[in-house]
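Asks: For reference, the sequence and a predicted model appear below.
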2 protein chains.
Amino acid sequence: MPTIASKPSGAKRGRPGHDQDSVLSIAVQVFNKHGYDATSMGTLADNLGISKSAIYHHVPSKGDLLDKALDEALIPLEALGEDPRATMGTAAERLEFVLRSTIRVLVERQPYVTLLLRLRGNTEIERRALERRRAVDRRLADLVVGAQQEGSLRADIDPRTTTRLMFGTINSLVEWYRPDGPSTPQQVEDNAIAMMLDGLRA
Amino acid sequence: MPTIASKPSGAKRGRPGHDQDSVLSIAVQVFNKHGYDATSMGTLADNLGISKSAIYHHVPSKGDLLDKALDEALIPLEALGEDPRATMGTAAERLEFVLRSTIRVLVERQPYVTLLLRLRGNTEIERRALERRRAVDRRLADLVVGAQQEGSLRADIDPRTTTRLMFGTINSLVEWYRPDGPSTPQQVEDNAIAMMLDGLRA
DNA sequence: GTCTATATGTTGATAGAC
DNA sequence: GTCTATCAACATATAGAC
């Protein structure tokens, strides 16, 4: 099995020479490749190029690694609610702003958000993260309802379904968007918004 | 932890009295709740109301259980390609037919398709299933390209992105649609198609 | 069709040397 | 910052009785 090659950010001399950030960033890649539960500290060690026990010099536990990774996704998502543009103007304007900035966070922090979106809530750490995610989701759901009541969004689809469809479309970005692919983040953002609001029909 | 209560289809007398189908159907629910890798034969046994070893009376291995479950999703998906309506008429007509019938399969066989869509390709069984899934996906991707060349779909979004956005929207249904919820399958199908083709804007 | 007991490997994590 | 050696817990799966 090929491992994830990547020089640690602060590489010095000897061999790997990892620090906490390089461990975290590689760990998240490996978690996403095989799934968090299917990734053992052994395979993670192989991908880091160090031994299992050396990981514990940088991080106290596998769960803590997950916890730190999820923060990398949740903190920027939670910050979107603080932006004044999310609370001013018509519901339609606020909604489009939040949709676009959510997409931008998903794309910029893709590996971390991927991990978040695949959680099943098996441990206390996962359940805490899922609760924070639900809080973020609720804000967006309220904006959709607002835009629909305001008359900016079609009313022949019920608000819950509208919200779910938008979430589904946006969240699926993490499953296929690659920063090194042919599309720029701006193009993906525009294309997703274009389909959701105006449709694909010519 | 609450277990998944469900009487086996052919319940007779004593206690559980499972057959292969009831084991499979409950197993898939548990797999989806905790993730396949995170589900041990022990937790599965608890949910079935029998002991670990009793499972092996019905099924030769955990991997075989997964294999049978994935067939339940893949066979109907593969069958869509055989339908004459998928190969006749304009590309736009064929595309809408395949989109709608794909949605219907996702909704009807939701637990099995959910399992399929979450695979990471960790074992040979998973990789074989993913290859079959990719073959199904390629057919739909070709239809999108056809419809775009034909002029039925807008040309300002590149075909790969168009395809991905549609897959993302459709596939996300398994994450939130519940047959016992407020929406009928027909409504979900119509709403998803409405957003993708005509957009949510009023 | 189910059970108890058990074989055999893998897991996350620790101890202590270099 | 890394290693080897080790551990208890838990994994999948089997043997054989009822």
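Replies: Thanks, I have it.
Asks: does DNA strand C sit close to whatever helix or strand A:Asp142 lives in?
Replies: Element membership for A:Asp142 (DSSP states H and E) is helix A:124-150. No - counting by CB under 7 Å from any atom of the strand, DNA strand C has no neighbours in helix A:124-150; the shortest distance is 10.5 Å. To be clear about C-beta, it is placed using only N, CA and C from the backbone, and glycine gets the same treatment.
Asks: Which strands or helices does that helix pack on?
Replies: Helices and strands touching helix A:124-150, by 3 or more CB pairs under 8 Å, 6 or more residues apart in numbering or on different chains; DSSP states H and E, are helix A:62-79, helix A:91-108, helix A:159-171.
Asks: What parts of chain A come near DNA strand D?
Replies: A:14-19, A:45, A:50-54, A:57-58.
Asks: Ranking by neighbours, what's the top pick from the residues you listed?
Replies: In terms of neighbours by other CB atoms under 10 Å in any protein chain shown, the residues of chain A next to DNA strand D top out with A:His18 at 22 neighbours.
Asks: Kindly report the residues of chain A close to DNA strand C.
Replies: A:39-43, A:52-53, A:56, A:60-63.
Asks: try 6 Å this time
Replies: A:40-42, A:52-53, A:56, A:61-63 (CB under 6 Å from any atom of the strand).
Asks: List only buried entries from those.
Replies: A:41, A:62 (16 or more other CB atoms under 10 Å in any protein chain shown).
Asks: Name the stretch among the helices and strands packed on helix A:124-150 that sits most buried.
Replies: Stretch with highest mean neighbour count among the helices and strands packed on helix A:124-150: helix A:159-171 (a mean of 21; mean count of other CB atoms under 10 Å in any protein chain shown).
Asks: Which elements pack onto whatever helix or strand comes next after it?
Replies: Toward the C-terminal end, the helix or strand that comes next after helix A:159-171 (DSSP H and E) is helix A:173-176. The contact analysis (3+ CB pairs under 8 Å, 6+ apart) places helix A:173-176 against helix A:91-108, helix A:110-117, helix B:159-171.
Asks: Please render the ones you listed as CSV that adds distance to B:Asp137 and mean pLDDT to the earlier fields.
Replies: CSV is the format used below for these (distance: least, CB to CB, whole Å; pLDDT from 0 to 100):
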stretch, distance to B:Asp137, mean pLDDT
helix A:91-108, 22, 97
helix A:110-117, 19, 98
helix B:159-171, 7, 97
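Asks: For the closest residue to A:Phe31 other than its chain neighbours, grab the count of nearby residues.
Replies: Leaving aside its chain neighbours, A:Phe31 sits nearest to A:Thr39 (5.3 Å; criterion: CB to CB, 6 or more residues apart in numbering or on different chains). The tally of other residues near A:Thr39 (other CB under 10 Å) stands at 21.
Asks: what kind of secondary structure is A:Thr39 in?
Replies: State at A:Thr39, reduced to three classes by DSSP: H, G, I helix; E, B strand; the rest coil: coil.
Asks: which residues sit in contact with it?
Replies: A:30-31, A:33 (CB atoms under 8 Å, 6 or more residues apart in numbering or on different chains).
Asks: Equivalent analysis for A:Ala79, please.
Replies: Taking CB under 8 Å, 6+ apart as the definition, A:Ala79 has no contacts.
Asks: Could you report the separation of it from DNA strand C?
Replies: 29 Å (CB to the nearest atom of the strand, to the nearest Å).
Asks: One more: A:Pro179?
Replies: A:Pro179 is 28 Å from DNA strand C, by CB to the nearest atom of the strand.
Asks: That residue reaches A:Leu173, doesn't it?
Replies: No - using CB atoms under 8 Å, A:Pro179 is not in contact with A:Leu173, being 11.4 Å away.
Asks: what touches both of these two?
Replies: With CB under 8 Å, 6+ apart as the test, A:Pro179 and A:Leu173 both reach A:107, A:110.
Asks: Between the two, which has more neighbouring residues?
Replies: It is A:Leu173, of A:Pro179 and A:Leu173, that has more neighbours when counted by other CB under 10 Å, with 23 against 11.
Asks: List the contacts of that one.
Replies: Applying CB under 8 Å, 6+ apart, the residues near A:Leu173 are A:103, A:106-107, A:110, A:188, A:192, B:168.
Asks: for A:Pro159, same thing?
Replies: A:141, A:144-145, A:148 are the contacts of A:Pro159 under CB under 8 Å, 6+ apart.
Asks: Got the phi and psi for A:Arg201?
Replies: Main-chain dihedrals, A:Arg201, degrees, to the nearest 10: phi -60, psi 140.
Asks: The residue nearest to it when sequence neighbours are not counted - how many residues pack around it?
Replies: Nearest non-adjacent residue to A:Arg201, counting by CB to CB, 6+ apart: B:Leu197, 4.7 Å away. Around B:Leu197 there are 19 other residues, counting by other CB under 10 Å.
Asks: Could you point out which residue ranges in chain A have low pLDDT?
Replies: Residue ranges of chain A with pLDDT under 70: A:1-15.
Asks: Quick check: chain neighbours aside, which residue is closest to A:Val107?
Replies: Nearest to A:Val107 is A:Pro185, by CB to CB, 6+ apart, at 4.6 Å.
Asks: again with A:Leu116
Replies: For A:Leu116, the closest residue by CB to CB, 6+ apart turns out to be A:Ala73, at 4.4 Å.
Asks: Kindly report the same for A:Ala38.
Replies: The nearest residue in space to A:Ala38 (CB to CB, 6+ apart) is B:Asp37, at 4.2 Å.
Asks: Check A:Pro16 too.
Replies: A:Gly49 (4.7 Å).
Asks: Now that neighbour. Its backbone dihedrals?
Replies: phi 80, psi 20.
Asks: From the structure, what's the count of residues near it?
Replies: Neighbours of A:Gly49 (other CB under 10 Å): 18.
Asks: got the domain boundaries for chain A?
Replies: Here the domain parsing of chain A from automatic domain parsing is A:20-59, A:65-198.
Asks: Please tell me how far the residue nearest to A:Pro16 sits from DNA strand C.
Replies: 17 Å.
Asks: cool, and A:Arg100?
Replies: Distance from A:Arg100 to DNA strand C, by CB to the nearest atom of the strand: 37 Å.
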